[in-house]
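# I'd like to go over a predicted model; first the sequence, then the structure.
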Amino acid sequence: MRKVCVEHLKPGMVLGTNIYGYDGSILYEKGYELDEGSITTLMEGDLSYLQIRDSRDKETAREDLFRRCDEYVHEFFQYVNPENELFNEMFRQTLKRAFKAVQYKWELPCAAELRAKNVEHLTDALFIEETRPEEIVKYETELVSFPDIYVQIQEVLNDVNSSAEDIAKVVSRDIGLSAKLLKLINSPFYSLSQKVDSISRAVSLLGSNEVSSLALGVSTIDFFENIPPELMDMKTFWKHSLRCAVYSRMLASRMQGVEEDKFFTAGLLHDVGRLILFKNMPYASVQVLLFARGNMLPLVEAESAVLGYDHTDVGALLLEEWSFPGPLVEMIRKHHKFEDAEPSVEAAIIQLADNLAIASDIPSGGRFVLPGMGQDTLKVLRLSVEDLQELFDMHDQYIQGVLDVYL
Amino acid sequence: MSSLSSNGLGLRKAPSISSEEFQALRGLIYKTTGIDIPERRKYLIENRLGPRLKALDLKDFTGYYQYLTSASSKNQEFAKLFEKITTNETSFFRDLKQLETFKENVLKEFIEKQKKTGEKELNIWSAGCSSGEEPYTLGIMLHELLRASIIGWKINIIANDISPEMIKKAQQGIYTEHTLRSTPQEIIDKYFSKEAAGYKIHPKVQKLVNFELLNLNNPQEVQKVPKSHIVFCRNVVIYFDDDMRKKVLNLFNDKLYAGGFLVLGHTESIHKYSSSFKPYHNAGGIIYQKKDS
C-alpha cells in the first residue's frame, strides 16, 4: 500500500483500507475502485490522504509517483511565465530534486496539511484602518530598540576617520556574533583558501564593507523573536532567507560591475518586513495567508490585495529607520517590482534569488508559490539555462554549511 | 513514460492565453461580476482555466470566450469559472473577536431595542455567504442569545452567493471538521449531528436562513433583496476594484434601515469608498453603522 494525497487521486486507484464516514459507517470499502464521483466526495472531506493498493508492476508505480511529483511541484509555478526558459529550467531542477527526495524518504505533503489551523486567539496590535506601513514601523521602532552592537557598527561605518581595524574591533567585542561570522566565512560557501581565525583577518580578506554588512545581518536574525508559530516558524523563515542570501551573493559575483559585498545581507533581510507584519498584525497576516493559499497566489500579491501594501514597503521603511545603507534598502524595496522602466541589476538579483530560494525549498517541504519576475528585469541578468543549472548545484553544495551557522 | 530526461517536460500544461484573449476575458468577468483580475495573474488564469478548455474540448481561449458568451452555456460555464478563480476558504465562527464585538455591542442592544418597541423582527443580509458558514454562525448566535424566546421573533437571514455550487452546498448544510475548527465543542454538540458525509447543521438553525443565488453586480437581482437591519459582507469586496467597491457600499447603504449595521472582513476598511457609515471599533474589530440621514 502507498499513501496518496486526496488531490492526487485518479480514477481506477483501489482503496487499501476502509474509509469511514463521520458517523462511523463505512463510506467506501477496502478494495473499492475509485471513480470521478468518489474522488470528488473524498476531496471535499477532511482526509488529507488515503492508503492505495500498490499496482503490480514497478514501472507503473514509479510513473505514478513521478506524475504526483510533477503535479505537486507545478502548483508552485502557476504564477510564472510558462514560456520563459529560465523558469522552465527552474521547474525541471526542482522536479528533479523533488523526485529524488520522494524516492529516498521524503513524502509529498498533502494540500490538507497546509490548511489553516485555529488562529482565532491571535490579535493585531493595531487597528486595520490605521495601519499604513509607516504606522507599523513606527509602532515597532518605538517599542524596541536595535541591539547595541548594531549601533556601534553604524557609528564606525559612518565615521570617515575610522579604519578597517576599527570595524574589526567593534565586531570582536560581541563574542557570539564574531563566532557566527567566522563560522560563516569559513564555510565552503566563501571558499577561502585559508582558515580565518579572527575578525581582523576576515576584514582584510573580505573587506570591511562585507564584514560589517554581515554583522548587521547576523544581529538582525537574533533580533526577531515572538512571531506566532501558527503563522510561520522562524526556522522556516530564516532557511528561506539564507537560501536567498546564498543565491544573491552567487549571482552578484557573476555580474560585471556589481559589488558583491552587500548581497548576502540583502538576501538575508529581503523579507524582514514580513516579520514586522507577523509580529504586529498576526490576525491580518492570517487573512493574507488564507487568501494566498485559497487562490494559489504568491504571498506578496495576497498582501497587497488584503492589506493594500506589501512586506517590501514595510521592510524598506524599517531598514531606513534603522539607518541601513541606502543601496541595501533600495534592493529590498524593489525585490518584487515587476515592471520597472530601468530595472537595476541589484534588484533583479534579489528577485531571481528569491524565486530560486523558494524553488530550492520545495523538495524539502517549502510551501510557497514562486512570485515570478518581469521579463525585462530577468533579461538584465543575461543568464543562460546552463548558468541556472550551475547555480542550483552550487546552492546544494553550500547551503548546509551556511544553515549550520545560523540554525 | 514521462521521464526526467524527456524534452517535453516543462511548465506549459495549458493552452497559452494571448494578451488580447486575457484582456477580453478579464473585461467579460469584470462586466459580469465586478471581479477584477489583475494583469499579473495572467498565467495563473491560464493554469486555472486550462482544465476547463480541455474538458470542453476547446483549442484556445478565444474558443473559451465564445463558449462563455454563447447564450446556451453562459450561466453554467460562468459558475464553473467562479469556482476556478475565487476560492474563499471560510469556517464557522471565523473572526471570533469581531463576532463577539458584534454580539456584545450591536446585537444585544438591537434585540433590547426591538423588544421595547414590540417589533420583534430582524433581517440580516449575508452578502457573499460562500458555502453557508457565516449565515449559519449568525443563526446559532441568535439561538444562543434568544433561547426559547426565539419563537416570538420573525428572523430572516438572507444569504447570497454568486456561485451555484456554493449555494447548493450551503443548502445541504453538511460540513467538515476543518470548517468547524474554531467552533466550541458544546456548540458543535448542540447544533450539529454526525452523518456519514459530515456534520449536519440543525434544522432549527437552517430554517432561519434563506439561500439564494445572487450577483452583486446585477441590479435586477439586487433589487429583490429586502431591507435589512444588519449586513454581513466579509472577504468579498477584496475581489473588487475601487469602482465596484463604491457601488457595493452604496448598495448596502440603500438596503440598510437607518441606523443599521455593516460588518466587513477583518482587513477591509471603507473610508476610501463611502462616507455613509461611521466606524464603531474596539479591540475586536470594526463594525460600521449607517449614519442617520
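Looks like it arrived, so ask away.
# Can you list the low-confidence ranges for the chain?
All of this refers to chain A. A:116, A:127-130 (pLDDT under 70).
# not what I meant, chain B
Residues of chain B that meet the cut-off, pLDDT under 70, sit at B:1-8, B:283, B:293.
# Tell me where it has helices.
B:19-33, B:42-56, B:61-69, B:74-85, B:96-101, B:108-117, B:133-146, B:164-172, B:185-191, B:203-206, B:219-223, B:242-255 (DSSP state H).
# Deepest in the core, which of the ones you listed is it.
helix B:133-146 (a mean of 22; mean count of other Cβ atoms under 10 Å in any protein chain shown). Glycine gets a C-beta too; all of them are placed from N, C-alpha and C.
# show me the contacts for residue B:94.
B:133, B:134, B:137, B:182, B:234 (Cβ atoms under 8 Å, 6 or more residues apart in numbering or on different chains).
# Farthest pair within those?
B:182 and B:234 (14.3 Å; Cβ to Cβ).
# ok, and of the contacts of residue B:94, which contact chain A?
Restricting the contacts of residue B:94 to those near chain A by Cβ under 8 Å from any Cβ of the partner chain leaves residue B:182.
# hmm, the helix or strand hosting residue A:138 in reach of chain B?
Assigned by DSSP states H and E, residue A:138 belongs to helix A:133-143. No - counting by Cβ under 8 Å from any Cβ, chain B is not contacted by helix A:133-143; separation bottoms out at 13.2 Å.
# Show me the domain layout of chain A.
What automatic domain parsing lists as the domains of chain A is A:1-55, A:128-144+A:224-406.
# since we're on the nearest residue to residue A:86 once chain neighbours are set aside, how many residues are nearby?
Distances taken as Cβ to Cβ, 6 or more residues apart in numbering or on different chains place residue A:388 nearest to residue A:86, at 5.7 Å, with adjacent residues excluded. Other residues lying near residue A:388 total 20 when counted by other Cβ atoms under 10 Å in any protein chain shown.
# Which residues are in contact with residue A:388?
A:86, A:89, A:90, A:93.
# before we move on, which element is it in?
helix A:385-406.
# Just give me how far that helix sits from the chain centre.
From the chain centre to the centre of helix A:385-406 is a distance of 14 Å (Cα atoms, centre = their mean, to the nearest Å).
# Equivalent analysis for stretch A:306-318, please.
Centre to centre, stretch against its chain (Cα atoms, centre = their mean), the figure for stretch A:306-318 is 17 Å.
# touching chain B at all, it?
Yes - using Cβ under 8 Å from any Cβ, stretch A:306-318 reaches chain B at A:306, A:307.
# One more: stretch A:38-46?
Yes - for stretch A:38-46, a contact with chain B is found by Cβ under 8 Å from any Cβ, at A:41, A:44, A:45, A:46.
# any idea which of the contacts of residue B:94 is the one closest to chain A?
Checking these against chain A with Cβ to the nearest Cβ, the nearest one is residue B:182 at 4.5 Å.
# circling back: can I get the helices of chain B in TSV with distance to residue A:168?
Output for those, formatted as TSV (distance: least, Cβ to Cβ, whole Å):
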stretch	distance to residue A:168
helix B:19-33	55
helix B:42-56	49
helix B:61-69	61
helix B:74-85	56
helix B:96-101	51
helix B:108-117	66
helix B:133-146	60
helix B:164-172	64
helix B:185-191	60
helix B:203-206	70
helix B:219-223	70
helix B:242-255	54
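# sorry, back to before: out of the residues of stretch A:38-46 next to chain B, who has the most neighbours?
That'd be residue A:45 among the residues of stretch A:38-46 next to chain B, by other Cβ under 10 Å, with 18 neighbours.
# Just the endpoints, please. Distance across stretch B:152-168?
29 Å (Cα to Cα, to the nearest Å).
# now stretch B:158-167
12 Å.
# The one residue sitting closest to the centre of chain A: what's its closest spatial neighbour, skipping adjacent residues?
Centroid-nearest residue in chain A: residue A:240, 3.2 Å away (criterion: Cα atoms, centre = their mean). Take residue A:240 and drop its neighbours on the chain: the residue closest to it by Cβ to Cβ, 6+ apart is residue A:357, 5.5 Å away.
# Then residue B:279?
Per Cβ to Cβ, 6+ apart, closest to residue B:279 is residue B:286, 5.2 Å.
# my read: the one you found touches residue B:267, true?
No - the pair residue B:286 / residue B:267 is not scored as a contact, 10.0 Å apart, by Cβ atoms under 8 Å.
# which one of the two has more residues nearby?
residue B:267 (25 against 22).
# residue contacts, that one?
Applying Cβ under 8 Å, 6+ apart, the residues near residue B:267 are A:128, A:284, A:287, A:288, A:306, A:307, B:238.
# ok, now which ones touch the residue lying closest to residue B:280 once chain neighbours are set aside?
Excluding the flanking residues, the one nearest residue B:280 by Cβ to Cβ, 6+ apart is residue B:287, at 5.0 Å. Residues in contact with residue B:287 (Cβ under 8 Å, 6+ apart) are B:98, B:101, B:102, B:105, B:106, B:261, B:262, B:263, B:279, B:280, B:281.
# Distance of residue B:287 relative to residue B:236?
Separation of residue B:287 from residue B:236 (Cβ to Cβ, to the nearest Å) stands at 16 Å.
# Helices of the stretch 151-300 of chain A, start to end?
A:164-173, A:175-186, A:199-206, A:208-223, A:234-254, A:263-269, A:272-280, A:282-294, A:299-307 (DSSP state H, counting those that start in this stretch).
# Report all helices and strands that the fourth one contacts.
Where contact means 3 or more Cβ pairs under 8 Å, 6 or more residues apart in numbering or on different chains; DSSP states H and E, helix A:208-223 is packed against helix A:148-158, helix A:164-173, helix A:175-186, helix A:199-206, helix A:263-269.
# In chain B, what residue comes closest to chain A?
For chain B, Cβ to the nearest Cβ, closest residue to chain A: residue B:196, 3.1 Å.
# which non-adjacent residue is nearest that residue?
That would be residue A:21: by Cβ to Cβ, 6+ apart, it lies 3.1 Å from residue B:196.
# do residue A:325 as well
That would be residue A:262: by Cβ to Cβ, 6+ apart, it lies 6.9 Å from residue A:325.
# what about the one you found, how many neighbours?
Counted with other Cβ under 10 Å, residue A:262 comes out at 25.
# Ok, the one 10 residues further on next?
Counted with other Cβ under 10 Å, residues neighbouring residue A:272 total 25.
# That one is in contact with residue A:317, isn't it?
No - in this structure, residue A:272 is not within contact of residue A:317 by Cβ under 8 Å, at 10.5 Å.
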